[in-house]
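Colleague: Any chance you can model this:
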Amino acid sequence: MIFKNKKKVFSLVFIVLSAMVMLLILFRNNELINLSKAIKVINIGYISIAVLFIFIFWLLEASMIYSLIIKFTDNTSTLKTFWIAFKTTIIGQYYSNITPLATGGQPVQLLVLKDEDIPLSSGTAILICKFLLFQVSVTIYSFCLVLYKAKFISAYYHGVSAFIFVGLAINMVMLSVVVLIAFNPIVLLKLCRSLYNLLHKLHIIKNVDSLMMKTENFVVEYKDSIGKLKEDYFFTIRMFAVTFIQLTVFFSITFFIYKALNLKGASAVEIICMQSFLYMAVSFIPTPGTA
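Modeller: Alright, predicted model coming up:
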């Protein structure tokens, strides 16, 4: 109980300090003045839709975690279970947006699930499955849009297009790793060992065996989670469908803000494409919330 109270106090202090830092940045760069100018001309209707879409995005995220909790644990389909999923979603969103590469989100979510008496093994499987569903979906989603708007990227973005293609390439590599874990993990482990041996010869890493052990544990965890998804194809397809809807909702938020500022010239599809490309460009830059 004392530990939980201290944890709550620490969380509260952390939130207050984060808010203070944000306000300090806004004041130093005169952004509040620009914000006040924007508020005077803003279209409340479109902003309301943007805020609604944020809540829809959270609810879709929570519904996926809710479905995974029911599938991988003894929890039943109740309002309490959905509250656990929603709380896990909101806390994960907060910590993902204040830590570099969103590294703080999943560990905190795992702690939240543990506090709700969900075993660490089940919590890990839930979060890995959620991560896999999102990563595979966002890669396919963005890849399709890149093919659709390839000329637009190369002609308009100039140097920035390089970041987009690098981000997409990294995501494609990650997707390939997921496929290898699912269907041929032995090949993946052989590739990893070859890479580690090369890095060892270049004096970039020291202990190949230690790194291989960690890699094998990683592959086992992900293979188990992928195995659970492969057991029920209908469930997995439904989860992918929800993720694609979730991505569209998330990328559409910027369009409604764009319209709220009385800007014209770009369609909803173009804004969604640009947001998808932006995600590819910044998702692997190690700044809090990919700022």
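Colleague: List the buried residues for the one helix or strand residue 80 maps to?
Modeller: Assessed by DSSP states H and E, residue 80 sits inside helix 79-96. Neighbour counts using 16 or more other CB atoms under 10 Å place 81-82, 84-89, 91-96 of helix 79-96 among the buried residues. Using the backbone N, CA and C atoms, a C-beta is placed for each residue, glycine as well.
Colleague: Show me what secondary structure element comes after the helix or strand of the chain with the lowest mean pLDDT.
Modeller: Of all helical and strand segments in the chain, the minimum by mean pLDDT, DSSP states H and E falls on helix 150-156, at a mean of 68. Using DSSP H and E, the helix or strand that follows helix 150-156 in sequence is helix 160-183.
Colleague: For that next one, which residues meet the burial criterion?
Modeller: 161, 163-165, 167-168, 171, 175, 177-178, 180-182.
Colleague: Equivalent analysis for stretch 60-67, please.
Modeller: 60-67.
Colleague: which one of these is nearest residue 110?
Modeller: Nearest to residue 110 among the buried residues of stretch 60-67, counting by CB to CB, is residue 65 at 11.9 Å.
Colleague: close enough to count as contact, that closest one and residue 130?
Modeller: Yes - counting by CB atoms under 8 Å, residue 65 touches residue 130, with 6.2 Å between them.
Colleague: ok, back up a step: just the buried residues of stretch 60-67 now: which is nearest residue 135?
Modeller: Once CB to CB is applied, the member of the buried residues of stretch 60-67 that ends up nearest residue 135 is residue 64, at 13.3 Å.
Colleague: Is the closest one inside a helix or a strand, and which specific one?
Modeller: Counting by DSSP H and E, residue 64 is part of helix 44-72.
Colleague: by contact count, what packs against that helix?
Modeller: Counting contacts by 3 or more CB pairs under 8 Å, 6 or more residues apart in numbering; DSSP states H and E, helix 44-72 is packed against helix 79-96, helix 120-148, helix 233-260.
Colleague: Comparing these by mean pLDDT, which bottoms out?
Modeller: Averaged per stretch, pLDDT over those is lowest on helix 120-148, reaching a mean of 87.
Colleague: Can you classify residue 284 by secondary structure?
Modeller: Under the three-state scheme (DSSP: H, G, I helix; E, B strand; the rest coil), residue 284 adopts coil.
Colleague: show me where pLDDT drops low in the protein?
Modeller: 1-5, 7, 11, 25-26, 29-32, 101-102, 153-161, 285-291 (pLDDT under 70).
Colleague: which residue of it sits farthest from its center?
Modeller: For the chain, the largest distance from the centre (CA atoms, centre = their mean) belongs to residue 201, which lies 34.7 Å off.
Colleague: rewinding a little: tell me the angle the helix holding residue 80 makes with helix 120-148.
Modeller: Here helix 79-96 runs at an angle of 60 degrees relative to helix 120-148 (axes from the mean of the first three to the mean of the last three CA atoms, to 10 degrees).
Colleague: chain center to helix 79-96, what's the gap?
Modeller: Centroid separation for helix 79-96 versus its chain: 14 Å, with CA atoms, centre = their mean, to the nearest Å.
Colleague: what's it packed up against?
Modeller: Against helix 79-96 (3+ CB pairs under 8 Å, 6+ apart) you get helix 44-72, helix 105-115.
Colleague: Would you mind saying which of the ones you listed lies nearest residue 139?
Modeller: helix 44-72 (17.2 Å).
Colleague: Buried residues, that closest one. List them.
Modeller: Result for helix 44-72 [16+ other CB under 10 Å]: buried residues 46-47, 49-50, 53, 56-72.
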